[in-house]
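Undergrad: predicted model and sequence below, questions to follow.
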Amino acid sequence: MNPAILTVVMLVVSNIFMTFAWYGHLKLQSTGFSANWPLYVVVLFSWGIALLEYSFQVPANRIGFEGNGGPYSLIQLKVMQEVITLVVFVIFSLMAFDNFAMRWNHYLAMALLVAAVYLVFMK
């Protein structure tokens, strides 16, 4: 597979796991599944999910980094990662939380991040 595409796919998968590690426990708590878990159990549960995230994140950065023969500079990888994180977070939040709503300022912030991606890829 093309390293550019593989990097992006792995970053998306990584961010799905990251979002569940960071915010999934809030949904589990609201459903009652983990409402009585002590905080250390929630942290350990999230760390387990984060291990899966790192299993995709680290290889994605190694494959994608131009210093390793990949197509992306460090800043391109980072800005791309942030936009992917935001998109995955918004989709997750819209699906998992009834009270999550996007406002005009959220859309503007997202547009500015997309503009940042455009700017870091300019020659």
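TA: Now that the structure is in, tell me what you want to look at.

Undergrad: counting contacts, what elements does the helix or strand in which A109 is found pack onto?
TA: Here A109 sits within helix 104-120, counting by DSSP states H and E. Secondary-structure packing of helix 104-120 (3 or more Cβ pairs under 8 Å, 6 or more residues apart in numbering; DSSP states H and E): helix 74-96. The way it works is simple: take the backbone N, C-alpha and C, and place the C-beta from them, glycine included.

Undergrad: what angle sits between the helix it packs on and helix 104-120?
TA: Here helix 74-96 runs at an angle of 150 degrees relative to helix 104-120 (axes from the mean of the first three to the mean of the last three Cα atoms, to 10 degrees).

Undergrad: contacts for helix 74-96?
TA: 7-8, 11-12, 15-16, 18-20, 23-24, 27, 61, 64-65, 72, 100, 102, 106, 110, 113-114, 116-117, 120-121 (Cβ atoms under 8 Å, 6 or more residues apart in numbering).

Undergrad: chain center to it, what's the gap?
TA: The chain centre lies 5 Å from the centre of helix 74-96; the measure is Cα atoms, centre = their mean, to the nearest Å.
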